[in-house]
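In: just a sequence and a predicted model for now, questions to come.
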Number of protein chains: 2
Amino acid sequence: MSDILVVGSLAYDSIETPSGKVDRALGGSANYFSLAASLFAKVRVVGVVGEDYEEADYKLLQSRGVDLEGLEKVSGKTFHWEGKYEGDMNEAKTLRTELNVFEHFNPKLPESYKNSSFVFLANIVPALQLEVLNQVKNPQFVGMDTMNLWIDIANADLLKVMKKVDVVLINETEAEMLTGAGNAIEAAAKIVELGPKAVVIKRGEYGFIMFSKEEGYFVLPAFPISKVTDPTGAGDTFAGGFFGYLASRPGKPTVKDMKQACIHGSILASHTIQDFSVKALAKTTLADLEKRLAEYKKVITV
Amino acid sequence: MSDILVVGSLAYDSIETPSGKVDRALGGSANYFSLAASLFAKVRVVGVVGEDYEEADYKLLQSRGVDLEGLEKVSGKTFHWEGKYEGDMNEAKTLRTELNVFEHFNPKLPESYKNSSFVFLANIVPALQLEVLNQVKNPQFVGMDTMNLWIDIANADLLKVMKKVDVVLINETEAEMLTGAGNAIEAAAKIVELGPKAVVIKRGEYGFIMFSKEEGYFVLPAFPISKVTDPTGAGDTFAGGFFGYLASRPGKPTVKDMKQACIHGSILASHTIQDFSVKALAKTTLADLEKRLAEYKKVITV
């Protein structure tokens, strides 16, 4: 079992969906990722929070054995995101983003993190993704996510990061935006031309596409969920399940491992969306995951 | 091998997509359906065309052994649809619909059609779907499609037809519209409460959902196609492949047969979208289908 380093946001989210609303609930890519990945492996977090970050929210990750040495607390308020889903549950409408302490975030890795085998660069400004990656001595397997904003305003840096990673995990809309492709199938092939060995395109309720140089396309649907309460964090949960699964396997990940990793990430994400914030994910056990994996197999098999 | 009766439109379509445009090219649900289904079984067409319907377009179906005794030619012009795809290739924007001879279509079955085992009621006004179905003596397996217009203006008739069929094949957006469901997973379960034993929801580039009373969900992605030239007719091709496969199997269709039928329909549809109008579909052979089925299996298997 290898250690996974994740850099990303720890946030308080105010979210409205057709199912209801929550105010300042726990969120952020590093939280979703860590809760998912820690089901399989040891996770180390690099991030920043403000003085308002609650003790219970540290404890949640600590109870999962997550290493928080790289989590800084600085004066000011924690990153706050406010969003709304209506109609299309695959895409949130951002109502407000308050960067707060995240604005001057300058990630520094504790010595003990520098030997991490697995590194996930969640969606933060590409220059910081690079800075984190450069501090890790000899990573075995590196992944990244990104978003429309960086594709737009930090494209050159983003392309630099993409050349240094093994896998890119990205949303469908952003994959098309990044490549100018007319659909996700075309986008997947184009992203792999930019450097990574593989790409995973997250399609929300429709599942995912993986494309690898070695074996081409691997495409599967999402587990069928008839009531989606809150899709926030589904992508980061996917990434956490993906990395957690890989880190729990012996040796350097193969394409076959990555296919299984996609399925594990996707199934964990199907739990996340069944309640607001991290509520459902925090309760999900490996036994729940195994049970749904067995149900999923029936859903996709003749 | 059983006979399949299809009632639907025979049309000339003017279509514009990001790949180009065609003017008055062969289209209509009955044409796509028959070309697909005739790869597997004997097809009988009920429909109407105008004086402008070209000899070559009759011959195309006849060359596939399709029975055209139930295809009326009347004075006036053939049904004409004009549509455009931009951005979202899953949904056409209708620019113009000229019903022409279709406006007074009153389907009458030739005697020789009345013993048909399989019946597909493609998307026409529900009252006519009922009229056709009532003329078949003892159908073994009946399916139907529909569209937003009938959900809107002929809902009561539509619900009557739904009670009489084994399977409903319907687009994702229309499935949600019909049931008021927030997503296709919920819609599928609700449609089956309306009468049919099973429903197949067509999700365009995302594949399909089948839901049956007997076995619940069966969900798979579409075959990955990086350049979609013209999505017109993909749904009717799906239905044709679905019915063709079932009619080629012994006995009354089981849920397992229907799952295989979905895969065959979906793969045939992936051919249709690779060229304008029926061009790609008309050239597709059973060998092409088998080849792509084998590739598809790799795409969806770890």
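Out: Perfect, I can see it now.

In: now the residue nearest the centre of chain A, nearest residue through space, not along the chain?
Out: Of all residues in chain A, the one closest to the mean position by Cα atoms, centre = their mean is A:D236, 2.4 Å from it. The spatially closest residue to A:D236, leaving aside those adjacent along the chain, is A:Y32, at 3.7 Å (Cβ to Cβ, 6 or more residues apart in numbering or on different chains). To be clear about C-beta, it is placed using only N, CA and C from the backbone, and glycine gets the same treatment.

In: wait, doesn't that neighbour sit right on A:A269?
Out: No. In this structure, A:Y32 is not within contact of A:A269 by Cβ atoms under 8 Å, at 9.0 Å.

In: so what sits against both of these two?
Out: Common neighbours of A:Y32 and A:A269, using Cβ atoms under 8 Å, 6 or more residues apart in numbering or on different chains, are A:T237.

In: the more surrounded of these two?
Out: Comparing A:Y32 with A:A269 by other Cβ atoms under 10 Å in any protein chain shown, the one with more neighbours is A:Y32, at 33 against 30.

In: assumed the more buried one was part of a helix.
Out: Yes. Counting by DSSP: H, G, I helix; E, B strand; the rest coil, A:Y32 is located in a helix.

In: which residues sit in contact with it?
Out: For A:Y32, the contact set (Cβ under 8 Å, 6+ apart) comprises A:G233, A:D236, A:T237, A:G240, A:T272, A:V278, A:L281.

In: and for A:Y206?
Out: Applying Cβ under 8 Å, 6+ apart, the residues near A:Y206 are A:N90, A:E172, A:P221, A:A222, B:R203, B:Y206, B:G207, B:P221.

In: so of the residues you listed, which ones are in helices?
Out: Using DSSP state H, the subset of the contacts of A:Y206 located in helices is A:E172.

In: and which of the contacts of A:Y206 is nearest to A:V299?
Out: A:P221 (7.8 Å; Cβ to Cβ).

In: count of residues packed around the closest one?
Out: When neighbours are defined as other Cβ under 10 Å, A:P221 has 26 of them.

In: next up, the contacts around A:W150.
Out: Going by Cβ under 8 Å, 6+ apart, A:W150 touches A:N123, A:V125, A:P126, A:D157, A:L158.

In: rerun that using 7 Å as the cut-off
Out: Applying Cβ atoms under 7 Å, 6 or more residues apart in numbering or on different chains to A:W150 gives the contacts A:V125, A:P126, A:L158.

In: counting neighbours, which bits of stretch A:179-192 end up buried?
Out: In terms of neighbour count (16 or more other Cβ atoms under 10 Å in any protein chain shown), stretch A:179-192 has its buried residues at A:179, A:181-192.

In: and the contacts of A:Y206, which is the shakiest by pLDDT?
Out: Lowest pLDDT of these: A:N90, 81.

In: can you tell me how far the residue nearest to that one when sequence neighbours are not counted sits from A:D88?
Out: Excluding the flanking residues, the one nearest A:N90 by Cβ to Cβ, 6+ apart is A:G204, at 3.4 Å. Distance of A:G204 to A:D88, given as Cβ to Cβ, to the nearest Å: 9 Å.

In: what's the answer for A:A189, then?
Out: 26 Å.

In: again with A:N183
Out: Distance from A:N183 to A:D88, by Cβ to Cβ: 17 Å.

In: repeat that for A:T173.
Out: Going from A:T173 to A:D88 by Cβ to Cβ gives 10 Å.

In: neighbour count for these two, which is higher?
Out: Taking neighbours as other Cβ under 10 Å, A:T173 and A:D88 compare with A:T173 leading, 18 against 11.

In: got a pLDDT number for that one?
Out: A:T173 carries a pLDDT value of 95.

In: tell me what the helix or strand hosting A:A188 is packed against?
Out: For A:A188, the element it lies in under DSSP states H and E is helix A:184-193. Judged by 3 or more Cβ pairs under 7 Å, 6 or more residues apart in numbering or on different chains; DSSP states H and E, helix A:184-193 is in contact with helix A:172-179, strand A:198-202, strand A:208-212.

In: try 10 Å this time
Out: Applying 3 or more Cβ pairs under 10 Å, 6 or more residues apart in numbering or on different chains; DSSP states H and E, one finds that helix A:184-193 makes contact with strand A:167-171, helix A:172-179, strand A:198-202, strand A:208-212, strand A:216-220.

In: out of the ones you listed, which is closest to A:E290?
Out: When the helices and strands packed on helix A:184-193 are compared (using Cβ to Cβ), the closest one is strand A:216-220, at 17.5 Å.

In: near chain B, which residues of the stretch 201-302 of chain A show up?
Out: A:203-211, A:215-228, A:255-260, A:262-263, A:295-296, A:298-302 (Cβ under 10 Å from any Cβ of the partner chain).

In: please convert the buried members of those into ChimeraX selection syntax.
Out: Here is the ChimeraX command that selects the buried residues among these (16+ other Cβ under 10 Å):
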select /A:203,204,205,206,207,208,209,210,211,215,216,217,218,219,220,221,222,223,224,225,228,255,257,258,259,260,262,263,296,299,300
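
In: wait, A:I124 touches A:D145, no?
Out: Yes. Between A:I124 and A:D145 a contact is recorded at 9.0 Å, counting by Cβ atoms under 10 Å.

In: quick one: the longest helix along chain A to strand A:167-171, angle?
Out: Criterion DSSP H: the longest helix present in chain A is helix A:255-272. With axes from the mean of the first three to the mean of the last three Cα atoms, to 10 degrees applied, the angle from helix A:255-272 to strand A:167-171 works out at 30 degrees.

In: in whatever helix or strand comes next after helix A:255-272, what's buried?
Out: The C-terminal neighbour of helix A:255-272 among helices and strands, as given by DSSP H and E, is helix A:279-283. Buried positions in helix A:279-283, judged by neighbour count with 16+ other Cβ under 10 Å: A:A280, A:L281, A:A282.

In: same deal with stretch A:66-83?
Out: Using 16+ other Cβ under 10 Å as the test for burial, stretch A:66-83 gives A:66-68, A:70-71, A:76-83.

In: start to end distance for it?
Out: 27 Å (Cα to Cα, to the nearest Å).

In: is chain B contacted by that stretch?
Out: No. With Cβ under 10 Å from any Cβ as the criterion, chain B is not reached by stretch A:66-83; the gap is at least 17.5 Å.

In: how about the secondary structure of A:S75?
Out: Following three-state DSSP, A:S75 is assigned to coil.

In: correct me, but it touches A:V48?
Out: No. If you go by Cβ under 10 Å, A:S75 and A:V48 don't touch, sitting 11.0 Å apart.

In: what touches both of these two?
Out: A:V101 (Cβ atoms under 10 Å, 6 or more residues apart in numbering or on different chains).

In: show the pLDDT at the residue nearest to A:D236.
Out: 98.

In: which stretches of the stretch 1-150 of chain A form strands?
Out: For the stretch 1-150 of chain A, the strands defined by DSSP state E, counting those that start in this stretch occupy A:3-7, A:11-17, A:20-27, A:42-49, A:71-73, A:79-84, A:93-98, A:118-121, A:141-144.

In: winner for burial among those?
Out: Mean neighbour count (mean count of other Cβ atoms under 10 Å in any protein chain shown) peaks for strand A:118-121 among the strands of the stretch 1-150 of chain A, with a mean of 29.
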